[in-house]
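> Following is a predicted model, sequence given first.
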Amino acid sequence: MFGYIGKILRVNLTTGEIKTEELKEEDAKNFIGGRGLATKILLEEIDPKIDPFSPENKLIFATGPLTGTTAPTGGRYMVVTKSPLTGFIASSNSGGFFGPELKAAGYDFLIIEGKADHPVYISIKDDDVEIKDASHLWGKRVSETTDKLLEEFGDKKARVACIGPAGEKLVRFASIMNDKHRAAGRSGVGAVMGSKNLKAVVVRGTKKVEVADKEKFMSVVKEKIKKIKENPITGGGLPNYGTAVLVNIINENGLYPTNNFQTGVFPYAYEQSGEALAAKYLVRNQACFACPIGCGRVTYHPAVGVTEGPEYESIWAFGADCGINDLASIVIANHLCDELGLDTISTGTTIAAAMELYEKGIIKQEELGDAPPLRFGNTETLHYYIEKIAKREGFGDKLAEGSYRLAESYGHPEYSMSVKKQELPAYDPRGAEGHGINYATSNRGGCHVRGYMISPEILGVPVKLDPHDVSEEKAKWVKIFQDLTAVIDSAGLCLFTSFALGAEDYADLLNAATGFDFTADEWLKAGERVWNIERIFNLKAGLIPEKDDTLPKRFLEEPMPEGPNKGHVVRLHELLPKYYKARGWDEKGYPTEEKLKELGLDKYY
Amino acid sequence: MVKVKVFATLRNIVGKNELEVQADTVGELLEKLYSEYPEMKKELEKGAVILVNGKNIEHLEKLDTKLKDGDVVSIFPPVGGG
């Protein structure tokens, strides 16, 4: 096989068994790799109904056929498992250098099964794979864990993916951190790793990824890099200001969620924008493996030293969503999450929900004791509770369950800004209907990167769609964006390339690497297959479309109080049936037999 | 007069975050800005997002979108992230 190594590494932490298996070419053709193929494996190997923290759950580190190649941004990998936050499929994407290193060691996938009886880590040096004791690392933060492991491993070129204290304590939104600051952030994949007593995976590889047509691949790569460099977003805005370049445009459009989504306009947005970050704290840009964009931020603040980020989402989650305008406090909060192994979006949004519950008198100060009041705008509160969440101490234990379980425990789930129990990111859907549908239908729950409709609805890329339109046309675009994203995630590329590249470009790269010779439409069809197999996993896990494909009541019933979207609610009931139709599902949101046959998935559901 | 807010690279070109301009349409406003800041035209060649009171002119009357006293026009070069 080309593009792929053709090998899966399987490690059972209960029995200690380590073995390798062949990757089937037919699977690769149908599900591409990464997110898609890992979901197919998970669906075949576990009962989707199991407890995510049980040893029966599996944790899959998955690369794609372009991971580890010179394809622009070919450094991504996914972590796929059953999520302890949503109870549905989790697939968290990360960059940095860990994914390519796993592939260089000779594996497309690392499947982790069972549960170790004491803290361990997995050490991989090409064919030499060992389960080692990690008792001395348990409780340690991410950077210390990484440094210690690199020292023990004896090769500074090795790469580490690990959990922090939050993953060990089964915080439902704990992340897996690789290369210290890159996160497979969402859906609690770090908590699943913690439940297996697995502190880290250290990997060093010396093999090369072979592509089908070297010359062709080189010329295609060169052409796509040129497109990315010449595009004003991937060649200008992102390298200059990082992802936080979005702060001002989202706020000016009136959908920058503020104080737990109570409004969409934050008066202090400029103070936490990409422009402000560049002027105050930026040391230099940082690129992931094979990336010509370099949106990563190496930053410095005296309280934390040299760090990375914060990204747009993290700035918002700790900033406007918690009513905080002080960028320094946000930089520190982001650093804390990286060190403790916490997803920044869920952490910020859960604290924001707690702040609203507190200000509405539902959470009382007596319950918090001497701990700081959960008031919007209080930076001391923010840092205090981040630490408490990671350690599950005091009220942090309740917050560690996520905003939905927290709000529900007080009888007020409506204050959790989440979908399928996963916290929503930095765009109020009352200002972008297509993005709202994407939230409501994302297979991993509240998420912006499963079909980033902000791009056409707000940024005007690749087309300019009216954000308030709820036509069939809009529904079709949501489907296309979701399917194309599934291709990109499964291929091992970064979603940001899609500001400059389209389906044809991805087909060029994938074909030259794999030799499969599919049309762009056929690759998109594979993306649709990925979307549907995720849906099947969720349905088998207990998803009820009527109940679960929805948005918090706030967006459906409370009109936006101010700004350009004043008076708008999300017209979900109008657009959702059109979306189901565009997907070829029945009117209740179940894939039809006809659609499943068309995709070759009928044997799964 | 309308209030014009500029962002990202446009701030370096204009040298400030906000300015006031007299114009009846967005097209006229842009012409005035381009003649004063020729580099701005170059910067926006590959696309721009222009909002009048937070609403994208693409979904209003595009360059013919009328302006009145006190309107706020926000101008962005192409940006993206996530």
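Received the coordinates, thanks.
> hey, let's count contacts and neighbours off CA atoms from now on
Noted.
> for the lengthiest helix in chain B, packing partners?
If you go by DSSP state H, chain B has its longest helix at helix B:26-36. Here helix B:26-36 touches helix B:38-43, going by 3 or more C-alpha pairs under 8 Å, 6 or more residues apart in numbering or on different chains; DSSP states H and E.
> Which residues outside the helix it packs on are in contact with it?
Identification of contacts with helix B:38-43 by C-alpha atoms under 8 Å, 6 or more residues apart in numbering or on different chains yields B:L10, B:I13, B:V14, B:L33, B:Y34, B:P77.
> ok, and for the helix or strand just after that helix, which residues are buried?
Sequence-wise, the next helix or strand downstream of helix B:38-43 (DSSP states H and E) is strand B:49-52. Neighbour counts over strand B:49-52 (16 or more other C-alpha atoms under 10 Å in any protein chain shown) mark B:V49, B:I50, B:L51, B:V52 as buried.
> ok, back up a step: return the member of the contacts of helix B:38-43 nearest to A:D466.
Lowest distance from A:D466 to those (C-alpha to C-alpha) belongs to B:P77, with 18.9 Å.
> What parts of chain B come near chain A?
Residues of chain B lying near chain A by C-alpha under 8 Å from any C-alpha of the partner chain: B:7-8, B:46, B:49, B:51, B:53-56, B:58-59, B:74, B:76, B:78-82.
> let's see 10 Å
Taking C-alpha under 10 Å from any C-alpha of the partner chain as the contact definition, chain B meets chain A at B:5-9, B:11, B:43-56, B:58-60, B:73-82.
> So which elements touch whichever helix or strand A:D27 is part of?
Element membership for A:D27 (DSSP H and E) is helix A:25-31. Contact partners of helix A:25-31 among helices and strands, from 3 or more C-alpha pairs under 10 Å, 6 or more residues apart in numbering or on different chains; DSSP states H and E: helix A:34-45, helix A:472-491, helix A:520-541.
> who touches stretch A:18-25?
A:1-2, A:4-12, A:31-33, A:37, A:107-112, A:127, A:129-131 (C-alpha atoms under 10 Å, 6 or more residues apart in numbering or on different chains).
> 6 Å - rerun?
By C-alpha atoms under 6 Å, 6 or more residues apart in numbering or on different chains, the residues outside stretch A:18-25 that reach it are A:G6, A:K7, A:I8, A:L9, A:R10, A:V11.
> Can you tell me how far the fifth one is from chain B?
In this structure, A:R10 lies at 33 Å from chain B, with C-alpha to the nearest C-alpha, to the nearest Å as the measure.
> In three-state terms, label that residue for me.
The local conformation at A:R10, judged by DSSP: H, G, I helix; E, B strand; the rest coil, is strand.
> so the residue lying closest to it once chain neighbours are set aside is in which element?
Leaving aside its chain neighbours, A:R10 sits nearest to A:I111 (4.8 Å; criterion: C-alpha to C-alpha, 6 or more residues apart in numbering or on different chains). Secondary structure from DSSP H and E places A:I111 in strand A:109-113.
> okay, how far is it across stretch A:55-69, tip to tip?
Terminal residues of stretch A:55-69 are spaced 34 Å apart (C-alpha to C-alpha, to the nearest Å).
> Name the member of the contacts of helix B:38-43 with the most neighbours.
Highest neighbour count within the contacts of helix B:38-43: B:P77, with 24 neighbours (other C-alpha atoms under 10 Å in any protein chain shown).
> show me what contacts that residue?
If a contact means C-alpha under 6 Å, 6+ apart, then B:P77 has B:L44, B:A48 as its contacts.
> Run the chain-centre distance for stretch A:42-52.
Put simply, stretch A:42-52 sits 20 Å off its chain's centre (C-alpha atoms, centre = their mean, to the nearest Å).
> Now do that stretch: everything it contacts.
Applying C-alpha under 6 Å, 6+ apart, the contact partners of stretch A:42-52 are A:K82, A:P84, A:K540, A:A541.
> Report the buried residues of that stretch.
A:L42, A:L43, A:P48, A:K49, A:P52.
> Can you check my assumption that the last one lies in a strand?
No. According to three-state DSSP, A:P52 belongs to no strand; its state is coil.
> got JSON lines for the contacts of helix B:38-43, with pLDDT and distance to A:M417 too?
Output for the contacts of helix B:38-43, formatted as JSON lines (pLDDT from 0 to 100; distance: C-alpha to C-alpha, whole Å):
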{"residue": "B:L10", "pLDDT": "95", "distance to A:M417": "35"}
{"residue": "B:I13", "pLDDT": "95", "distance to A:M417": "39"}
{"residue": "B:V14", "pLDDT": "96", "distance to A:M417": "39"}
{"residue": "B:L33", "pLDDT": "97", "distance to A:M417": "41"}
{"residue": "B:Y34", "pLDDT": "97", "distance to A:M417": "43"}
{"residue": "B:P77", "pLDDT": "96", "distance to A:M417": "31"}
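> Can you give me the neighbour number for A:F395?
Number of residues near A:F395 (other C-alpha under 10 Å) recorded here: 15.
> Chain A - how does it break down into domains?
A:7-204, A:242-422, A:427-499+A:518-604 (automatic domain parsing).
> Buried ones among the residues of chain B next to chain A?
Those of the residues of chain B next to chain A that meet the buried threshold are B:5-9, B:11, B:43-44, B:47-56, B:58, B:73-82, by 16+ other C-alpha under 10 Å.
> So which of the contacts of helix B:38-43 is the closest to A:P425?
B:P77 (23.5 Å).
> Is A:K125 bridged to anything, and to what?
For A:K125, the beta-bridge partners are A:D128, A:R204 (DSSP bridges).
> show me what contacts it?
Counted by C-alpha under 6 Å, 6+ apart, A:K125 has contacts A:V203, A:R204, A:G205.
> Write the PyMOL selection for whichever of those are buried.
The PyMOL selection below is limited to those of the contacts of A:K125 classed as buried (16+ other C-alpha under 10 Å):
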select buried, chain A and resi 203+204+205
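> could you dump the contacts of A:K125 to a markdown table with pLDDT?
Compiled in a markdown table, those are given as follows (pLDDT from 0 to 100):
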| residue | pLDDT |
| --- | --- |
| A:V203 | 98 |
| A:R204 | 98 |
| A:G205 | 98 |
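> and which of the contacts of A:K125 is nearest chain B?
Comparing the contacts of A:K125 against chain B with C-alpha to the nearest C-alpha places A:V203 closest, at 28.9 Å.
> Tell me how many other residues crowd residue 27.
With no chain named, the answer covers chain A. Neighbours around A:D27, by other C-alpha under 10 Å: 14.
> Chain B is the one I meant
Using other C-alpha under 10 Å, B:G27 has 16 neighbouring residues.
> nearest spatial neighbour of it, skipping sequence neighbours?
Among residues not flanking B:G27 along the chain, B:L63 sits closest, at 4.6 Å (C-alpha to C-alpha, 6+ apart).
> Residues of the stretch 201-350 of chain A that sit close to chain B?
Residues of the stretch 201-350 of chain A found near chain B (C-alpha under 6 Å from any C-alpha of the partner chain) are A:I233, A:G237, A:T243, A:E252, A:N253.
> Narrow these to those in helices?
Using DSSP H, the members of these that fall in helices are A:E252.
> which residue ends up closest to the midpoint of chain A in space?
Compute the mean C-alpha point of chain A, and by C-alpha atoms, centre = their mean the closest residue is A:S92, 4.2 Å away.
> and the contacts of stretch A:42-52, which are buried?
Buried residues within the contacts of stretch A:42-52, counting neighbours by 16+ other C-alpha under 10 Å: A:K82, A:P84, A:K540, A:A541.
> What's opposite the residue in the stretch 51-200 of chain A that chain B sits nearest to in the beta bridge?
When scored by C-alpha to the nearest C-alpha, the stretch 51-200 of chain A has A:N93 as its residue closest to chain B, at 13.1 Å. Beta-bridge pairing for A:N93 (DSSP bridges): A:M78.
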